[in-house]
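>>> Whatever this is, show me its structure:
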Amino acid sequence: MNVVVHRNAGHPWTRGDGWDLLRLEAIDMEELDPKITEAELRFWRVWIRDQRQCAAVMYKPSGASAAWEDLPRQGTPRELCTAIKVGDMVDTDFTGKITRHRVTERETKNTSQTGVMLRATPIVERSTDAGNPFVGSNPWLDAAWFRLARALQGPA
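Numbering: from 1, shown residues only. Predicted structure coming up:
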């Protein structure tokens, strides 16, 4: 089991200060599930649970030692989406695991949740949909699926 804590890494989707991330990597799900339960007893919450990679990313306010509340996830806030530019490195959990991409195109003329559509490389896995007018060899995704990549601080 690999356990790494990143202090003040930022809130998972708002990037606000004062939040810690915990990454758990296991050999199999039988090893991972009890570790998730153990972390939840220490007030960590699951952000991403990846069964294929037997890994999880959890988060909590820095120093939390009691139950806490957070706003429901609604994707990346619009003001952060509009800040994403061509060439930026971004992270997404579109497939249920965090992947990193470089923005190759940006479109603001099409209607979407945020008003910003992005293309990225490498192509986001499973991002094609036959009913989506933006599908092509590199489909467009709403910027709400992306967050500017931010290097995580070293283990605490």
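>>> ok so R102 is a strand residue?
Yes - R102: assigned to a strand according to DSSP: H, G, I helix; E, B strand; the rest coil.
>>> Distance of it relative to L148?
Separation of R102 from L148 (Cβ to Cβ, to the nearest Å) stands at 12 Å. (Glycine included, C-beta is placed from N, CA and C.)
>>> neighbour count winner among these two?
More crowded of R102 and L148, by other Cβ atoms under 10 Å: L148, with 16 against 13.
>>> just how off-centre is the lowest-mean-pLDDT helix or strand in the chain within its chain?
When the helices and strands of the chain are scored by mean pLDDT, DSSP states H and E, helix 78-81 comes last with a mean of 77. Averaging C-alpha positions (Cα atoms, centre = their mean, to the nearest Å) puts helix 78-81 15 Å from its chain's average.
>>> How about residues contacting it?
T14, R15, T114, G115, V116, D142, A143, A144, F146, R147, L148 (Cβ atoms under 8 Å, 6 or more residues apart in numbering).
>>> let's see it at 7 Å
Contact partners of helix 78-81, identified using Cβ atoms under 7 Å, 6 or more residues apart in numbering, comprise R15, T114, V116, A143, A144, R147.
>>> what about dumping the CA coordinates of the following helix or strand past that helix to PDB?
Counting by DSSP states H and E, the next helix or strand C-terminal to helix 78-81 is strand 89-92. What follows is strand 89-92 as a C-alpha-only set of coordinates in PDB (Å, rounded to 0.1, in the frame of the first residue of the first chain):
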ATOM      1  CA  MET A  89      -1.800  21.700 -18.700                       C
ATOM      2  CA  VAL A  90      -5.100  20.500 -17.200                       C
ATOM      3  CA  ASP A  91      -6.400  17.600 -15.100                       C
ATOM      4  CA  THR A  92      -9.700  15.800 -15.500                       C
END
